[in-house]
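**Q** following is a predicted model, sequence given first.
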Amino acid sequence: MQKIQVAIIGSGPAGLTAAIYASRAALKPVIFAGTNIGGQLMQTTLVENYPGFAKGINGPELMKNMLEQAKNMGAELKYEVVSEVDFKSKPFKIKAGSSEYEAESVIIATGAIPKKLGINSEMKFWGKGVSSCATCDGAFYKDKVAAVVGGGSVAFEDAIYLTNHAKKVYLIHRREEFKAERVLIEKAKANPKIEFILNAEVEEIVGDKQVTGLKLKKSSAAEGELKCKKIDLDGVFVAIGYIPTTDVFKGQVDLDEMGYIKKFDDSKTSVEGVFVAGDAEDFKYRQAVVAAGDGCRAAMDLDAWLRSQE
């Protein structure tokens, strides 16, 4: 059984930045990269809001650079999915692939994945007019037409934000009632750039190389006819929620009611020696630069904790 001083579970911006900092501290981290190496940025085209790239950088290229940097610093990479952990006793136990490991400390950086509409055309145009991050991609829609699908606070925040760039924003929701905060609802209703299409679901996203429109259908719970069945537009933002990738940690560390890992005192979890970084605990910002900062913080906190154990 391989013994590890620092195990990092996840290989997005948080995990790879943690690996870089842990390597600099001579902690010899091992990254369990899983199948989604690079995280959500691997499905993103141009990234314009990550510091240091004057003309932006493609998401996969950014993550490849981070991965190579972590490896060059001395981090060990395992292309294995962690299927089971035991944080009840020390050393911690990790099962990945067909192997088992013992770890003195752990950083969880497994991230979260956006909920999908579940239609075939969605993934066809993902990164080509379909996105789940308005603050990441909204600037691409300057003087264009966009739509937001959802009825919660995130959907309303996205729609309001997009009006800073787009000339028109449709907010599409399958019901007439919203789960969003009232102040956001009122603000959106007062915005002349936002048009509501209610009791509707996206049937198909249409386009050639890029999104050019939507076909809508009446939602199953709606009554009457749907007035608008097709929209011409340039982009679609899916804002129906996120799913934290934390199932393997249930019963091992404290999770909140949404499944996100609870964070205490900077990056500590409920288990001493286990730390967390990125979207596995951050349900608010969901930005690569924030996740990278979290990874730095987690590695520095872990290093301080290890030294305190000596």
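**A** Alright, I've got the coordinates.

**Q** and the residue nearest the centre of the chain, what is it in contact with?
**A** Residue closest to the average C-alpha location in the chain (Cα atoms, centre = their mean): Ala112, at 4.6 Å. Listed by Cβ atoms under 8 Å, 6 or more residues apart in numbering, the contact set of Ala112 reads Tyr242, Ile243, Pro244, Thr245, Tyr260, Asp279, Ala280, Phe283, Arg286. The way it works is simple: take the backbone N, C-alpha and C, and place the C-beta from them, glycine included.

**Q** list buried residues within these.
**A** Using 16 or more other Cβ atoms under 10 Å as the burial test, the contacts of Ala112 include Tyr242, Pro244, Thr245, Tyr260, Asp279, Ala280, Phe283, Arg286 as buried.

**Q** ok, those residues vs Ala22, which is closest?
**A** Ala280 (17.1 Å; Cβ to Cβ).

**Q** do I have it right that the closest one meets Tyr260?
**A** Yes. Taking Cβ atoms under 8 Å as the definition, Ala280 is a contact partner of Tyr260 at 6.7 Å.

**Q** give me the common contacts of the two.
**A** Here Ala280 and Tyr260 have Ala112, Pro244, Thr246 as joint contacts, going by Cβ under 8 Å, 6+ apart.

**Q** count the neighbours of the last one for me.
**A** When you say that, I think you mean Thr246. 22 (other Cβ atoms under 10 Å).

**Q** quick one, phi psi at it?
**A** Backbone torsions of Thr246, given as degrees, to the nearest 10, read phi -130, psi 10.

**Q** what lies in contact with the helix or strand of the chain with the lowest mean pLDDT?
**A** Least confident helix or strand of the chain, by mean pLDDT, DSSP states H and E, is strand 46-47 with a mean of 82. Under the contact criterion Cβ under 8 Å, 6+ apart, strand 46-47 has outside partners Leu41, Phe53, Gly56, Ile57, Asn58, Gly59, Leu62, Cys136, Phe140, Ala288.

**Q** if you rank the residues you listed by neighbours, which is first?
**A** Ala288 (27 neighbours).

**Q** could you find the closest non-adjacent residue to it?
**A** In this structure, Ala288 finds its nearest non-sequential neighbour in Pro13, 4.6 Å apart by Cβ to Cβ, 6 or more residues apart in numbering.

**Q** can you check Lys90 too?
**A** Leaving out its chain neighbours, the residue that sits closest to Lys90 by Cβ to Cβ, 6+ apart is Gly273, at 6.8 Å.

**Q** compute the number of surrounding residues for the one you found.
**A** Neighbour count for Gly273, taken as other Cβ under 10 Å: 18.

**Q** thought it was touching Val106?
**A** Yes. The criterion here is Cβ under 8 Å, and Gly273 meets it with Val106 at 6.9 Å.

**Q** shared neighbours of the two, anything?
**A** With Cβ under 8 Å, 6+ apart as the test, Gly273 and Val106 both reach Phe92.

**Q** all the strands of the stretch 101-250 of the chain, residue numbers only.
**A** 112-114, 130-131, 145-149, 168-173, 194-198, 200-207, 211-218, 230-232, 235-238, 242-244 (DSSP state E, counting those that start in this stretch).

**Q** of the contacts of strand 46-47, closest to Lys78?
**A** Of all the contacts of strand 46-47, Lys78 sits closest to Leu41, with 20.3 Å by Cβ to Cβ.

**Q** just say helix, strand or coil for the closest one.
**A** Look at Leu41: counting by DSSP: H, G, I helix; E, B strand; the rest coil, its state is helix.
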